[in-house]
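**Q** Structure for the following, please:
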Amino acid sequence: MIELKTPAELDAMRAAGKVVSAALAAVREAAAVGVRLLDLDEVARAVLAEHGAKSSFLDYHPHFAPTPFPAVICASVNDVIVHGIPDGYRLGDGDLVSVDFGANIDGWHGDSAVSFVVGEADPADLDLIRTTNEALQAAVRVAVPGRRLGDIAHAIGAIGRAAGYGIPEDFGGHGIGRAMHEPPSVPNDGDPGRGMTLRAGMVLAIEPMFHAGGKDSYRVAPDGWALRTTDGSRAAHTEHTVAITGDGPRILTA
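**A** Presented below is the predicted three-dimensional model:
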């Protein structure tokens, strides 16, 4: 069942979204050549503590994973699409990094992701990140009452396909609120005018993921969490928690 949130509940979710935004900004500022992924996780933990918030990710254990998630951020580098577990890896010059983060305040969740390059960037990586951000912006624009879930999927997929990028099969966005993952699933590719009708009060985590190599396939890393491109090409991931309102889309993690 999809829970429609009241304006007061959206304000509560916005409080969580502000923590998410602050943490991602702090992580991005801290990311530099030689910095460990575990160091970035510590930066995000400090932001949670500062705001009295809880992690949405730590100890989360979905059905597909063999173990609970051991960190507060997902740190996905280069050919890792999503769900990278922070470890002792030290960032190198030119690494493409995607950081996903979720926070919980008073039982309400926010979820967002950013991609960026550490050090000197390959122009192809910047194009990939820019296109992924454009797809997110296009999807947000159609997140209004009366449109369809397929309109969001099509807005993302059309931009990714036009650029020649791959889109991971079976992974996309989701509803969010009292739980980090709620219905409905939000595909990253699809046909416009199809699927569930969007209603005021729905809140969606919209998250485009594109592969530079053009293939949709991926492989699961031995840890059972990280998804990697099968061709070794780089991937980018961006995300916002978006409320559908009568006044237009409200980005709760801006």
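
**Q** Apart from its neighbours in sequence, what residue is nearest Ala22?
**A** Closest residue in space to Ala22, ignoring its immediate chain neighbours: Val47 at 5.5 Å, by CB to CB, 6 or more residues apart in numbering. Placement of C-beta: from N, CA and C, glycine included.

**Q** Contacts only, for the one you found.
**A** For Val47, the contact set (CB atoms under 8 Å, 6 or more residues apart in numbering) comprises Val19, Ala22, Ala23, Ala26, Ala53.

**Q** Identify each buried residue in whichever strand or helix holds it, please.
**A** Using DSSP states H and E, Val47 sits in helix 37-51. Under the neighbour-count criterion of 16 or more other CB atoms under 10 Å, helix 37-51 has Leu37, Leu38, Asp39, Leu40, Asp41, Val43, Ala44, Arg45, Val47, Leu48, His51 buried.

**Q** For my notes, please list the residues you listed in TSV and give pLDDT and distance to Asp79 for each entry.
**A** Output for the buried residues of helix 37-51, formatted as TSV (pLDDT from 0 to 100; distance: CB to CB, whole Å):
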residue	pLDDT	distance to Asp79
Leu37	98	15
Leu38	98	20
Asp39	98	21
Leu40	98	18
Asp41	98	20
Val43	98	24
Ala44	98	23
Arg45	98	26
Val47	98	28
Leu48	98	29
His51	98	33
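
**Q** I'd like to know which of these is nearest to Gly190.
**A** Ala44 (32.1 Å; CB to CB).

**Q** Contact partners for the closest one?
**A** Neighbour list for Ala44: Ala23, Ala26, Val27, Val72, Ile73, Phe101 [criterion: CB under 8 Å, 6+ apart].

**Q** for the stretch 151-254 of the chain, what are the low-confidence residue spans?
**A** Counting by pLDDT under 70, the stretch 151-254 of the chain shows no low-confidence range.

**Q** all strands for it, in order.
**A** Using DSSP state E, counting those that start in this stretch, the strands of the stretch 151-254 of the chain run over 173-175, 182-186, 203-206, 209-211, 218-220, 227-229, 235-237, 240-243, 250-251.

**Q** Please produce JSON lines containing those strands, extended by mean neighbour count.
**A** Compiled in JSON lines, the strands of the stretch 151-254 of the chain are given as follows (neighbours: other CB atoms under 10 Å):
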{"stretch": "strand 173-175", "mean neighbour count": "22"}
{"stretch": "strand 182-186", "mean neighbour count": "18"}
{"stretch": "strand 203-206", "mean neighbour count": "28"}
{"stretch": "strand 209-211", "mean neighbour count": "29"}
{"stretch": "strand 218-220", "mean neighbour count": "16"}
{"stretch": "strand 227-229", "mean neighbour count": "22"}
{"stretch": "strand 235-237", "mean neighbour count": "29"}
{"stretch": "strand 240-243", "mean neighbour count": "27"}
{"stretch": "strand 250-251", "mean neighbour count": "18"}
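
**Q** Tell me which of these sits nearest to Ala31.
**A** Once these are compared by CB to CB, strand 235-237 is nearest, at 14.8 Å.

**Q** List the neighbouring strands of that closest one plus their orientation.
**A** Here strand 235-237 has these sheet partners by DSSP bridges: strand 209-211 (antiparallel).

**Q** ok, residues contacting the strand it pairs with?
**A** With contact meaning CB under 8 Å, 6+ apart, strand 209-211 is reached by 81-82, 128, 131-132, 135, 160, 163, 165-168, 171-172, 188, 218, 229, 231, 233-237.

**Q** In helices, which of the contacts of Ala44 fall?
**A** Ala23, Ala26, Val27 (DSSP state H).

**Q** picking up where we left off before, so which of the contacts of Val47 is the most crowded?
**A** Highest neighbour count within these: Ala23, with 29 neighbours (other CB atoms under 10 Å).

**Q** Tell me how far that one lies from Phe101.
**A** Going from Ala23 to Phe101 by CB to CB, to the nearest Å gives 5 Å.

**Q** Check Glu239 too.
**A** As judged by CB to CB, Glu239 and Phe101 stand 9 Å apart.

**Q** Alright, calling it a day.
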